[in-house]
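Visitor: 3D model of this:
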Amino acid sequence: MSDQILLDTIALWGLIFVNSKFHKPATEIVKGKHVFIHSACLHELIYPAYKLESRGGRDIIAGLRLIIDVKRSYNSLIQNYSALFGISRLTILPLTPDDLLGAFTLILNEPEIFVEKRDGCWPSVVDAIVAFTWENLRIPLVTNDRKLMKYGDKHNLPYIALSTTPAVPAKK
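Guide: The predicted structure is shown next:
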């Protein structure tokens, strides 16, 4: 298995939140690896976490406490990734105009994967950014997102299916 892996937002959630059902599997997967995280995932994670903790935005104090906790968690991850998770190296990838243009191209070329149908049709921009990055890096993606796995299968990209059961080896 490769010593480099890319995390999507769900895998990042599992790593950051100790009470997540994905925490233990995520921490086992990252041990000894060079982990790549796209900064767009750091951004995206805050929305569902805030919504959950703030009871849908009705409790701003709980929501702001969550932002404080996430800020602390991100700082801890960035400063102490080796001691906390056994990660050998951490690379946070910045968002670039090329990432956005590549993601928009994926959304336009593969709407069956990157446009969600829920109360209308919504482009999955961060998933498309992750897929574009994955395509460029060609390293295993840690995910449990069916859309991203479908994209990986279609384009022969390796992934590790994040699960609450033992990790599924990277698809070749």
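
Visitor: What is the neighbour count of Thr105?
Guide: Thr105: 12 surrounding residues under other Cβ atoms under 10 Å. In this view, the C-beta of every residue, glycine as well, is placed from N, C-alpha and C.

Visitor: Is it located within a strand, as I assumed?
Guide: No: Thr105: not assigned to a strand; according to DSSP: H, G, I helix; E, B strand; the rest coil it is helix.

Visitor: OK, contacts around the spatially closest residue to it that is not a sequence neighbour?
Guide: Nearest non-adjacent residue to Thr105, counting by Cβ to Cβ, 6 or more residues apart in numbering: Phe132, 7.9 Å away. Counting by Cβ atoms under 8 Å, 6 or more residues apart in numbering, Phe132 makes contact with Asp99, Gly102, Ala103, Thr105, Leu106.

Visitor: what do you get if the cut-off is 6 Å, keeping everything else the same?
Guide: Applying Cβ atoms under 6 Å, 6 or more residues apart in numbering, we find Phe132 in contact with Gly102, Ala103, Leu106.

Visitor: residue ranges of the helices in the chain, please?
Guide: For the chain, helices defined by DSSP state H occupy the ranges 9-16, 23-30, 39-53, 60-85, 97-109, 111-114, 125-137, 146-154.

Visitor: Determine which of these approaches Ile160 most closely.
Guide: For the helices of the chain, the distance to Ile160 is smallest for helix 23-30, at 6.0 Å, taking Cβ to Cβ.

Visitor: gap between the residue nearest to Thr105 and Lys150?
Guide: Phe132 sits 15 Å away from Lys150, going by Cβ to Cβ, to the nearest Å.

Visitor: ok, now Tyr74?
Guide: Note on Tyr74: its distance to Lys150, by Cβ to Cβ, is 29 Å.

Visitor: Comparing the two, which residue is more hemmed in?
Guide: Each of Tyr74 and Lys150 has its neighbours counted (other Cβ under 10 Å); Tyr74 has more, 17 against 13.

Visitor: roughly how far apart are the more buried one and Arg58?
Guide: For Tyr74 relative to Arg58 (Cβ to Cβ), the value is 25 Å.

Visitor: Over to Phe36?
Guide: Phe36 is 36 Å from Arg58, by Cβ to Cβ.
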